[in-house]
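J.: Could you look at this predicted model? Sequence included:
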Amino acid sequence: MAEKDTELMKGEIIVKDPSKLRLKPNLQDYNGLRKSFKWADAEKMVDWFPGGKINAAYNVLDRHAKGKNADKLALIYDDGAGTVKKYTFKQLNDEANKFANVLKKLGVKRQDRVFVFLQRTVECYASFLGAIKYGAIASPMFPAFGPDAIKDRLLDSSAVVLVTDPELKKRFYQVKNDLPDLKHLIVVGEDNPPAGELSYSKEMATASKEFETVPMDPEEFMFMLYTSGTTGKPKGVVHAHKGIVQQTLTTRWVLDVHDDDIYWCTADIGWVTGVVYGVLGPWSNGITQIGLGGRFDPETWYKTIQNYKITVWYTAPTAVRMLMAKGDELPAKYDLSSLRALYSVGEPLNPEGVKWALEVFDSKPFHDTWWQTETGSILITNFPEMPIKPGSMGKPLPGVEAAIVDENGDVLPQGEEGSLVLKPGWPSMMRQIWKNPAKYNEYMRNDWYYTGDTAQIDKDGYFWYVGRADDVIKTSGERVGPFEVESALIEHPAVAEAGVIGKPDQLRGNIIKAFIVLTPGHTESDELKVEIQKFVKTRLAGHAYPREIDVVKTLPKTRSGKIMRRLLRARELGLPIGDTSTLED
Ligand code: WTA
């Protein structure tokens, strides 16, 4: 069949010369592996307890702390403001053990929910991994979250412990009274805590460094992460300890880490990329990671690559576009020759970004990787040994079956656009949506897992992203649900109704755009719009506010009263309006 010629599929192929690669990629013979690979092979990459038990954190820390990597650096943490701290695997393991002992002393039960609401600091890593060692379910929260976002998560999960800091705890206190299940508030950097709080440093000072990491059933839960869908509040995506098998494998096969690598994942631990490829995968492979605090700043980023001689770098398209926008003179000032492999995730990576990297980073292209909070690790990617098609997400991991289907689950011919689906059963797949089986079942149709993305496959088996099949917004690579933003908007007294969409944006992929109907007595003004933006920022999250607000007289609704975002989007972008038979009037 001839390759369908679409806008998407143009572009040159980047072919790699194996003799010029600095190191031989860990994955060799992709086509052969697609036929021969069995998950049982990957299970050998991790350590198990007798009786088929496992603990992900044992693989991430203990096995290195007790072995040849004990004195190897696990973490070089640069706070971005001049302070650098270094931790070996042994030291990091000690910290996590102490935290597990703190949980024990507090009487936390197996599989209780322990939330970590911290900036990217060593305490953040230690409490997250300590909770997993202990057998609790760990859950990180993005530091930009406001009180509403925090409440939704702690309430839905009936969280028992919250670890936070003096600045972030203020947001918790605004919703504390709505959270009766939360028993323990542990505050980092608070040496004389007020009543009702525990001091992290004091508790840790008296806790033992010795802790027997708890053997778990592979299906018991390791971590959960709330993420956004089209409807309703964020949902708790729950992952099992067994996921570490695939998280370890993909870090080795895709990110292609080798023992002497200095690896840098730029994602915050509040997002799945930060958890899986900024904590679990690299450390399970015994790799030294850089942690950088502070905000995004092109100069600091280039400096970080130069100073720490970063070899493997995992980042996001918005960051790449922001670096591109700064021009090529800035990177030319730094020695970036340590880089061996570059990766990106979260949104489509424009072919320009892939090619820009070739020029700026000494012939090293970005490798696009595709996955989701729900999939628990990379499933489709441009592997290091393969030619890259700029703009394509690449090919499925051996052991993973991906396809493009229609609504009946029938596989579509090459070149047709349809739903991107996966055959369930890979080890790192989510195990449930917390307390919401109906939501989980929405993903599973016709024996496929529906990703919510649309895509197409080309004649060589490369997958090309087309868009989202639902209303989920990806802004700067971060996932935002329109319903959450609409809910925050209508909490403002001037807003009667709100409809929220993603509007394509050169830099951020999408921006959030809101259409609002004002309550009687309020009139449209720029000041009011700014006030509403600020309101959403402080209640919900710093990144999830509408950058554009239009005041309208009415919003298009279905007869049952649901806002038709599809119509708002079509009008805004001048797209065909489509079927309006369910429209109210
Ligand atoms: C989008 C992030 C295009 C996609 C790890 C997916 C991508 C959603 C890519 C998941 C990519 C992720 N190209 N789109 N390479 N990678 N996406 O849960 O829409 O924050 O469904 O996980 O991001 O976002 P999430």
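T.: That came through fine.

J.: Can you name the residues that contact the nearest residue to residue 276 once chain neighbours are set aside?
T.: Take residue 276 and drop its neighbours on the chain: the residue closest to it by C-beta to C-beta, 6 or more residues apart in numbering is residue 247, 5.3 Å away. Any C-beta I mention is one placed from the backbone N, CA and C, and that applies to glycine too. Residues counted as contacts of residue 247 (C-beta atoms under 8 Å, 6 or more residues apart in numbering) are 56, 276-277, 280-281, 284, 376-377, 428.

J.: in a helix, that's where residue 247 is, yeah?
T.: Yes - secondary structure of residue 247 (DSSP: H, G, I helix; E, B strand; the rest coil): part of a helix.

J.: Let's verify the closest residue to the ligand within the stretch 201-350 of the chain: helix, strand, or coil?
T.: Nearest residue of the stretch 201-350 of the chain to the ligand: residue 348, at 4.2 Å (C-beta to the nearest ligand atom). Classification of residue 348 using three-state DSSP returns coil.

J.: Residue numbers of the stretch 401-550 of the chain in contact with the ligand?
T.: 451-453, 465, 468, 474, 479 (C-beta under 6 Å from any ligand atom).

J.: remind me which residues of the stretch 1-150 of the chain are low pLDDT?
T.: Applying pLDDT under 70 to the stretch 1-150 of the chain picks out residues 1-11.

J.: ok, back up a step: from residue 435, how far off is the residue nearest to residue 276?
T.: The spacing between residue 247 and residue 435, counted by C-beta to C-beta, to the nearest Å, is 25 Å.

J.: quick one on the thing from earlier: residues in contact with the nearest residue to the residue of the stretch 201-350 of the chain closest to the ligand once chain neighbours are set aside?
T.: Counting by C-beta to C-beta, 6+ apart, the nearest residue to residue 348 once its immediate chain neighbours are dropped is residue 465, at 5.0 Å. Contacts for residue 465 (C-beta under 8 Å, 6+ apart) come out as 348, 370, 393, 453, 455.

J.: possible to save those as CSV with pLDDT, distance to residue 229 and neighbour count?
T.: Below are the contacts of residue 465 laid out as CSV (pLDDT from 0 to 100; distance: C-beta to C-beta, whole Å; neighbours: other C-beta atoms under 10 Å):
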residue, pLDDT, distance to residue 229, neighbour count
348, 92, 20, 20
370, 98, 18, 25
393, 97, 21, 27
453, 97, 13, 19
455, 97, 19, 24
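
J.: From those residues, pick the one nearest residue 131.
T.: residue 370 (28.8 Å; C-beta to C-beta).

J.: partner residues bridging that closest one?
T.: Judged by DSSP bridges, the bridge partners of residue 370 are residue 380.

J.: Run through the residues that contact it.
T.: Counted by C-beta under 8 Å, 6+ apart, residue 370 has contacts 345, 378-381, 393-394, 463, 465.

J.: now, which of these sits nearest residue 60?
T.: Closest approach between these and residue 60, by C-beta to C-beta: residue 378, at 17.4 Å.

J.: Number of residues surrounding the closest one?
T.: Residue 378 has 30 neighbours, counted by other C-beta atoms under 10 Å.

J.: and it, how far is that from the ligand?
T.: 8 Å (C-beta to the nearest ligand atom, to the nearest Å).

J.: Checking that residue next. Helix, strand or coil?
T.: Applying three-state DSSP: residue 378 is coil.

J.: Can you verify my assumption that it contacts residue 250?
T.: Yes - applying C-beta atoms under 8 Å as the test, residue 378 and residue 250 come out as touching, 4.6 Å apart.

J.: Up against the ligand, what does this protein have?
T.: So far as C-beta under 6 Å from any ligand atom goes, the chain lies against the ligand at 227, 272-273, 345-348, 368-373, 393, 451-453, 465, 468, 474, 479.

J.: cutoff 5 Å now
T.: Applying C-beta under 5 Å from any ligand atom, one finds that the chain approaches the ligand through 345-348, 368, 370-373, 393, 453, 465, 479.

J.: for the stretch 251-400 of the chain, what spans make up the helices?
T.: 272-275, 281-284, 298-308, 317-325, 329-332, 351-360 (DSSP state H, counting those that start in this stretch).

J.: taking those together, which one is wrapped up most tightly?
T.: helix 281-284 (a mean of 28; mean count of other C-beta atoms under 10 Å).

J.: pLDDT (mean, whole number) over that one?
T.: Averaging pLDDT along helix 281-284 yields 98.

J.: packing partners for it?
T.: Here helix 281-284 touches helix 244-253, going by 3 or more C-beta pairs under 8 Å, 6 or more residues apart in numbering; DSSP states H and E.

J.: buried ones in the helix it packs on?
T.: Buried positions in helix 244-253, judged by neighbour count with 16 or more other C-beta atoms under 10 Å: 244-253.

J.: hang on, the earlier thing: pretty sure the residue nearest to residue 348 is in a helix, no?
T.: No - counting by three-state DSSP, residue 465 is located in no helix; its state is strand.

J.: change the start of the numbering to 24 and stick with it
T.: Understood, numbering begins at 24; the last thing we discussed is residue 488.

J.: gap between it and residue 604?
T.: 30 Å.

J.: so what's residue 340 up against?
T.: Contacts of residue 340 by C-beta under 8 Å, 6+ apart are 367, 369-373, 376, 500, 532.

J.: Kindly report the same for residue 521.
T.: Contacts of residue 521 (C-beta under 8 Å, 6+ apart): 508-509, 512-513, 537-540, 578, 586.

J.: by contact count, what packs against the helix or strand of the chain with the lowest mean pLDDT?
T.: Least confident helix or strand, the chain: helix 374-383 with a mean of 90, by mean pLDDT, DSSP states H and E. Applying 3+ C-beta pairs under 8 Å, 6+ apart, one finds that helix 374-383 contacts helix 340-348, strand 389-393.

J.: From residue 253, how far off is residue 392?
T.: 24 Å.

J.: Compare neighbour counts for the two and give me the winner.
T.: Legend: neighbour count by other C-beta under 10 Å for residue 392 and residue 253, higher for residue 392 (25 against 16).

J.: For the longest helix anywhere in the chain, buried residues please.
T.: If you go by DSSP state H, the chain has its longest helix at helix 112-128. By 16+ other C-beta under 10 Å, the buried positions in helix 112-128 come out as 112-126.

J.: ok, residues contacting that helix?
T.: With C-beta under 8 Å, 6+ apart, helix 112-128 has contacts from 80, 84-85, 87-88, 92-95, 97-98, 110, 137, 145, 148-150, 152-154, 156-157, 159, 184, 209, 226-227, 230-234, 236, 306, 309.

J.: For stretch 441-457, C-alpha coordinates in CSV please.
T.: Provided in CSV are the C-alpha atoms of stretch 441-457 (Å, rounded to 0.1, in the frame of the first residue of the first chain):
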residue,chain,number,x,y,z
GLY,A,441,-8.1,6.8,14.3
SER,A,442,-8.0,6.1,18.1
LEU,A,443,-4.6,5.1,19.4
VAL,A,444,-5.2,1.9,21.4
LEU,A,445,-3.1,-0.7,23.3
LYS,A,446,-3.6,-4.3,24.2
PRO,A,447,-3.8,-4.4,28.0
GLY,A,448,-1.4,-6.5,30.0
TRP,A,449,2.0,-4.6,30.1
PRO,A,450,3.4,-4.6,33.6
SER,A,451,3.4,-0.9,34.4
MET,A,452,-0.2,-0.3,33.4
MET,A,453,-2.4,1.4,35.9
ARG,A,454,-4.3,-1.1,38.2
GLN,A,455,-7.3,1.0,38.9
ILE,A,456,-8.7,4.5,39.1
TRP,A,457,-8.9,5.0,42.9
